[in-house]
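# I would like to see how this sequence folds:
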Amino acid sequence: MTRNRTFTIVIIALLCLLAVCYLWPAGVGAALPFNSRSDLWDPGKSQQQPVYTFPRAEKTSYQMDLYLDTLNRTVYGQSLISTVNSSGGVLGELWLTVYPQAFQSKGLSPAPAAAYSQGFSRGGMQVKQIQVNGENSEFLMEDISLKIMLLRELLPEQEIDIRISWLAEVPRVGYRYGTRDGIFMLGHIYPVLNTLTADGWCLPTNIPFGDPFCLSAANYLVRINAPQHYQLLTSGEKIAGLALDNGRENHLFKAEMVRDFSLTAVSGYEKLQQQHQNTTLNCYVPPRLKEEGKQMLAEAGRILEYFNCMWGSYPYGELNLVVAPMHGFAGMEYAGVVYVAENQLSSPGLGNLLAHEIAHQWWYGMVGNDQYDEPWLDEGLASYSASLYLNYRQATTSSTPMAVQAMKLDRALPEFSGPDQYHSVAYQGGESFWWALEEELGHDKVQKILRSYLAKYKYQLASTADLKQVINQEAHRDMSSFFSRWSL
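Here you go, the predicted structure:
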C-alpha cells in the first residue's frame, strides 16, 4: 500500500470517528482504534547523520485521543507513538518525558509562588497502561521521566508502536502547564519520547528555570473532545470538527514536522487575525485588551515578514499568539504558538519579547537542540535575532547593540546557580557570541551561516559541535581560537 493511500484511509476513518463518543471517562464513548502503524507523512530522508540517533523525525508520528474535563481539571489521553529503531543498535528500554510530574508537590514545582493565586494546587500524570508492539510493558516513573522496560529487545530498524493510556491532572496555576482564569495552558501535557544519542539517553530533570527538554520533531494527528464554549489553539491545523448533543465538540488536528504539540483552551477570548502571504496570524486576547492585541498583532506581522526574508519562510499555515495569565515567564514558545504574559502588553520591551519568541519558531522549532544540556544554542540565537529585528525596526546601523563579553557558554541547566545566571549566560552570553562573530566575519557572512544552519538541520536536532562545523565551512577557515573564547 502506498503512503498516500494509507494517509487517505486513516484520515477518512478518523473523520468518521468524529461522530463517535468516548469509552473514557467512564461511560462516555469509544476511543480511536489505533490498530496499526501508519506512516502519515514522508517528508524525505535527511542526508545529515546527526549525533541524535533516535527517534528520527521523518520516521515518527503521534496519534492522540484527548478528553478535556474542565470541571475536574483533568485530561484523559490515549497515545500511539509510531517510530523505527534508528539508533543503529539494540534497544532494551525506552525513555519518555512526562512533564506534568514536575507539579506534584509545592517544594518541587517549577512555577513561582505568585503563579498559585489560590494556594498550591497539585498536578501530575497517571499512566494506566503501556503496550509496546502489542505486549504489555512494565514502567517506572523517575522525576519527570518514564522508563519502559521492554519484554523483547528492539532490533535495529525495527518498527515500534507504543500505546499509552494516561491521565493528566492540571494544577490551578498561571504557568505554561496549568489553568487560571478559565484558561487551560497545556504545554508538554502528553508523554513524549526522549532522545537517544551515541552517548546515551537525554534524561531531563525538573529544574525551576529554563526548558528541560530535548525534543525530536514528529508528525501529529490529534482528536480532542472539549466543551463547545472553549476555543482550542494548537500547534496544528484543524481539519474537522463535529458538535455533539451533550454540549461538547470533537476536533481533529493535524501537525506536520513540529517540535511539540501545544494545546491551549480559552473561553470568552477575542480572536484577531491577519494574513501574511501563506501564513494566517491569529491573536487571542481578553476583550478588554483588544486594542493592545491589535498592536501586538501588527508588530508580530512585521517580525514574521522580517525573519521570513532573513533566513527562509515560516513553514506552517498558522501562527497563534495567546495572551496568557502566566507567571515565571514573560513569554513562551511552542511549535506554531507563542504565549505572551498579560503583564507584558504594556511593557516597553514587548517588541523585543515578541521578536524573541517568534524567532524561536526558527531556533527551537525548525532547528532543535538539547535545551537541557545546551540551552545557549536556541536562547542565544533567539536573543540575537530579536536584536537584529529591533535594529532594523529602528533603522539603526549599529552592529553591536550590546557589550560583547566572552564567557563560558557550554553549560547545562544544572550547572547554573539560578535563573539570573542562566539568563546572563544562555540569553545575554549567547547573544554576545553572535555579535562577536559578526565582528570576526561580518554581518552578511553570519546571516549566510544561519541560512546554512537552517538548511542543514531543518526539523532535526543540532549540537554545538554541529554549529561549529557550519561556521567553519562558511568561514572557510578554522575558527577554533574564536570558539575557545567561549569555552566551546
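
# list the buried residues for stretch 134-153?
Ser137, Phe139, Ile144, Ser145, Leu146, Lys147, Ile148, Leu150 (16 or more other Cβ atoms under 10 Å). C-betas here are computed from N, CA, C, even on glycine.

# sec struct for the last one, please.
Using DSSP: H, G, I helix; E, B strand; the rest coil, the secondary structure recorded for Leu150 is strand.

# burial of the closest residue to Val258 other than its chain neighbours, as a residue count?
Counting by Cβ to Cβ, 6 or more residues apart in numbering, the nearest residue to Val258 once its immediate chain neighbours are dropped is Ala335, at 3.7 Å. By other Cβ atoms under 10 Å, 25 other residues sit near Ala335.

# and Ala335, its phi and psi?
The phi/psi pair for Ala335 (degrees, to the nearest 10) reads phi -60, psi 120.

# related to what we said a few turns ago, farthest pair within the buried residues of stretch 134-153?
Within these, two members stand farthest from each other by Cβ to Cβ: Ile144 and Leu150, at 20.8 Å.

# so which of the buried residues of stretch 134-153 comes closest to Ser61?
Using Cβ to Cβ, the buried residues of stretch 134-153 come closest to Ser61 at Ile148, 18.0 Å.

# which residue ranges form the strands in the stretch 201-350 of the chain?
Under the criterion DSSP state E, counting those that start in this stretch, the stretch 201-350 of the chain contains strands at 218-227, 231-234, 237-243, 248-258, 263-266, 270-276, 279-285, 318-324, 331-334, 337-341.

# for Glu292, which of the ones you listed is the nearest?
Smallest distance to Glu292 across the strands of the stretch 201-350 of the chain (Cβ to Cβ): 7.0 Å, for strand 279-285.

# okay, the angle between that closest one and strand 270-276?
What separates the directions of strand 279-285 and strand 270-276 is an angle of 160 degrees, with axes from the mean of the first three to the mean of the last three Cα atoms, to 10 degrees.

# show me what strand 279-285 pairs with in its sheet, parallel or antiparallel.
With DSSP bridges as the test, strand 279-285 is paired with strand 270-276 (antiparallel), strand 318-324 (parallel).

# could I get the strands of the stretch 201-350 of the chain as a markdown table with mean neighbour count, distance to Ser484 and mean pLDDT?
As requested, the strands of the stretch 201-350 of the chain are exported to a markdown table (neighbours: other Cβ atoms under 10 Å; distance: least, Cβ to Cβ, whole Å; pLDDT from 0 to 100):
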| stretch | mean neighbour count | distance to Ser484 | mean pLDDT |
| --- | --- | --- | --- |
| strand 218-227 | 23 | 36 | 98 |
| strand 231-234 | 21 | 43 | 96 |
| strand 237-243 | 14 | 45 | 95 |
| strand 248-258 | 21 | 35 | 98 |
| strand 263-266 | 24 | 43 | 97 |
| strand 270-276 | 14 | 42 | 95 |
| strand 279-285 | 21 | 40 | 97 |
| strand 318-324 | 22 | 38 | 96 |
| strand 331-334 | 24 | 31 | 96 |
| strand 337-341 | 24 | 36 | 97 |
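
# contacting residues for the residue nearest to Glu292 when sequence neighbours are not counted?
Nearest residue to Glu292 in three dimensions, chain neighbours excluded: Leu345, at 4.5 Å (Cβ to Cβ, 6+ apart). By Cβ atoms under 8 Å, 6 or more residues apart in numbering, the contact set of Leu345 is Leu289, Glu292, Gly293, Met296, Val323.
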